[in-house]
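# based on what follows, work out the 3D shape:
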Amino acid sequence: METYSNFSVTILGNSAAIPTKNSHLSSQVVANHNNYFLVDCGEGTQLQLIRYKIKYHKIDNIFISHLHGDHFFGLIGLISTYHLLGREKQLNIYGPPALKLLIEMQLKVVQTNLKYELLFHELDNDNYNQIYENRDICVYSFPLVHRVPTWGFKFEQKQKKLNIKKSFVKLFNPSIEEILNIKNGENFVCKDGAIIPNNEITTPPQQPLSYAYCSDTRYDESIMKYITDVSVLYHEATFDNSMQDKAHEKFHSTASDAANMAKNANATSLILGHFSARNKELKSLLAEACVIFKNTIISQEGIEYLIS
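Predicted structure coming up:
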């Protein structure tokens, strides 16, 4: 059976609002089949890319969830670094409409004409939209519930074709064209005209995997339809349960909110992040979430989590 490989997320920063001595602001890298996607770019992101030996020159697509500084203040620095290193290939940035103006104004003030093309893609805050696609994966954006227009992102692998049994190939030695037809679901016609049903010579491909990123958001069940059955859900857990009212007021979530979202969306696993600096002990957040959704972990910076 064909298996998926190299589908993972590496957490660069999981702190909310301000950095601390041991934690950095929101940023992570999703990798799939040698494609690298940067999700949010808080202050210090490029230093984290260097620290954890991420091949950041391979990043061609950056996704910014919203225009709060802890999610994008590192972007202009990374853009400038690419320029100083002589980057020539296009860089795509997906984010709020005002982001283009902000970046272009910064470049204008410092009189920098980039050596590469910077292409902005404005996000639509009202719908679930496919915003990127390659041969292996699609990326979707969807609205979250926060104080400013905010988006989540879902990375979803494409359905693979059927797998052909090796015993059949060895026995019948099909042509390349016949192999492609079989992978597309067609039966095999022998030289004597006999037909071998497709389901006798193939096995199903592995189910596509998916990863959803829910940055800053208040708990709202309308989000659930965008992330139903996701393989891995990264969800903010800014506050613990004792601050449920504060979380609602600030358009953020508690660990229990994140767990309820994962449970009700039928996610396979949950990664908690975006922790307030007031949370000195993250084990309590994990405990609160696990009461509701057992397959929960606390994100750790520099750790690559396989999506499975």
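# so where is the chain shaky, pLDDT-wise?
Confidence mapping of the chain against pLDDT under 70 gives the ranges 1-5.
# residue furthest from the geometric center of it?
residue 192 (50.4 Å; Cα atoms, centre = their mean).
# and that one, that one's in a helix?
No - with DSSP: H, G, I helix; E, B strand; the rest coil as the criterion, residue 192 is coil rather than part of a helix.
# tell me which stretches of the stretch 51-200 of the chain form strands.
For the stretch 51-200 of the chain, applying DSSP state E, counting those that start in this stretch gives strands covering 59-63, 91-95, 118-122, 129-133, 137-143, 151-157, 163-164, 188-189, 195-196.
# can I get the third one in CSV? Just the C-alpha atoms.
It stands for strand 118-122. Output of strand 118-122 as CSV, limited to C-alpha atoms (Å, rounded to 0.1, in the frame of the first residue of the first chain):
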residue,chain,number,x,y,z
LEU,A,118,6.2,39.5,-3.7
LEU,A,119,2.7,38.4,-4.6
PHE,A,120,-0.1,39.0,-2.2
HIS,A,121,-3.3,37.0,-2.1
GLU,A,122,-6.2,38.6,-0.1
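# note down every partner strand of it and its orientation.
strand 91-95 (parallel) (DSSP bridges).
# and the partner strand, how far out from the chain middle?
What separates the centre of strand 91-95 from the centre of its chain is 14 Å, taken as Cα atoms, centre = their mean, to the nearest Å.
# also stretch 96-104?
22 Å.
# check stretch 248-265 too.
Offset of stretch 248-265 from its chain centre (Cα atoms, centre = their mean): 18 Å.
# likewise stretch 61-68?
Counting by Cα atoms, centre = their mean, stretch 61-68 comes out at 12 Å from the chain centroid.
# list the buried residues of the longest helix anywhere in the chain.
Longest helix of the chain, by residue count under DSSP state H: helix 98-109. Using 16 or more other Cβ atoms under 10 Å as the test for burial, helix 98-109 gives 99, 100, 103, 107. In this view, the C-beta of every residue, glycine as well, is placed from N, C-alpha and C.
# and which of those is nearest to residue 206?
residue 99 (36.2 Å; Cβ to Cβ).
# the closest one reaches residue 68, doesn't it?
No - if you go by Cβ atoms under 8 Å, residue 99 and residue 68 don't touch, sitting 11.8 Å apart.
# can you give me the helices for the protein?
45-51, 69-72, 75-84, 98-109, 166-172, 176-183, 198-201, 224-227, 244-249, 255-264, 283-290.
# point out the most buried one among the ones you listed.
Sort those by mean neighbour count, taking mean count of other Cβ atoms under 10 Å, and helix 255-264 sits at the top with a mean of 24.
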